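**Student:** I'd like to go over a predicted model; first the sequence, then the structure.
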Amino acid sequence: MSYRDLRNFTEMMRALGYPRLISMENFRTPNFQLVAEILAWLVNRYDPSADLPTEVDTEQDRVIFIKSIAQFMATKAHVKLNTKKLYMADGHAVKELLKISSLLYTAMTTHQKSGLSEDTSTQKNMELSVKSTDLKACRQLASEITARGAKLHELLGREVELRDLRRTALSQTVDIEELERGIASSISAVKVQTISHSHTPP
């Protein structure tokens, strides 16, 4: 086991979310319980539905466990593990564990980059959609301004004619007496018509 291998392994395990802190001391002496725990956790991360033995109390249990892990990784992930080094459960096992952790770490980082690209693409699409909406609104506003400008121009063109008509109307003097005589004459005519209608036989 090299320091570089252990450093890479511990960093990958931390990135993958392994709950325990792993150090150089963990592998100075055989620690099958820890190696088995790490193997089970890594395989579960690779395939949560994996059905593997969990008993590692006896020597026979440990042999079956290691062989099952090696067979699973060879079949599912095409990763060849050295069962002897894994069984030793010391520094020699780190390189074998590193094969599985590297596979998972690469898959995780690739997925994150892919997700980032998708997020960036989605953000760009949203920005384009907003810009398109703003452009449509600007075009509609420009069309309304043009139409209102044309209407205003038409009204201003008629203002000269209307101004002359107002001046003509204001310049004319109204003869009050003549207006009163006209009104009185209209009233008298209405009265005559009313009386004549009332005396007409049915």
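**Tutor:** Good, I have the coordinates. Numbering: from 1, shown residues only.
**Student:** Please give the element, helix or strand, for Leu81.
**Tutor:** Using DSSP states H and E, Leu81 sits in no helix or strand.
**Student:** so how many other residues sit close to the closest residue to Glu55 other than its chain neighbours?
**Tutor:** Ranked by CB to CB, 6 or more residues apart in numbering and with sequence neighbours excluded, the top spatial neighbour of Glu55 is Asp61, at 4.4 Å. Quick note: C-beta positions are derived from backbone N, CA and C, even for glycine. Counted with other CB atoms under 10 Å, residues neighbouring Asp61 total 14.
**Student:** ok, and Asp61, which helix or strand is that part of?
**Tutor:** Following DSSP H and E, the helix or strand that holds Asp61 is helix 59-76.
**Student:** do the same with Arg148
**Tutor:** Using DSSP H and E, Arg148 maps to helix 92-171.
**Student:** Remind me which helix or strand Glu19 belongs to.
**Tutor:** Just so we're on the same page, residue 19 is Pro rather than Glu. Per DSSP H and E: Pro19 is located in neither a helix nor a strand.
**Student:** so who does it touch?
**Tutor:** For Pro19, no contacting residues are found, by CB atoms under 8 Å, 6 or more residues apart in numbering.
**Student:** Next, Thr58: phi, psi?
**Tutor:** phi -100, psi 170 (degrees, to the nearest 10).
**Student:** Check Ala89 too.
**Tutor:** Here is the backbone geometry of Ala89 (degrees, to the nearest 10): phi 60, psi 40.
**Student:** Am I right that it is in contact with Thr29?
**Tutor:** No: applying CB atoms under 8 Å as the test, Ala89 and Thr29 come out as separate, 9.0 Å apart.
**Student:** More neighbours: these two, which one.
**Tutor:** Taking other CB under 10 Å, Ala89 and Thr29 do not tie; Ala89 has more neighbours (22 against 9).
**Student:** list the contacts for that one?
**Tutor:** For Ala89, the contact set (CB under 8 Å, 6+ apart) comprises 30-32, 34-36.
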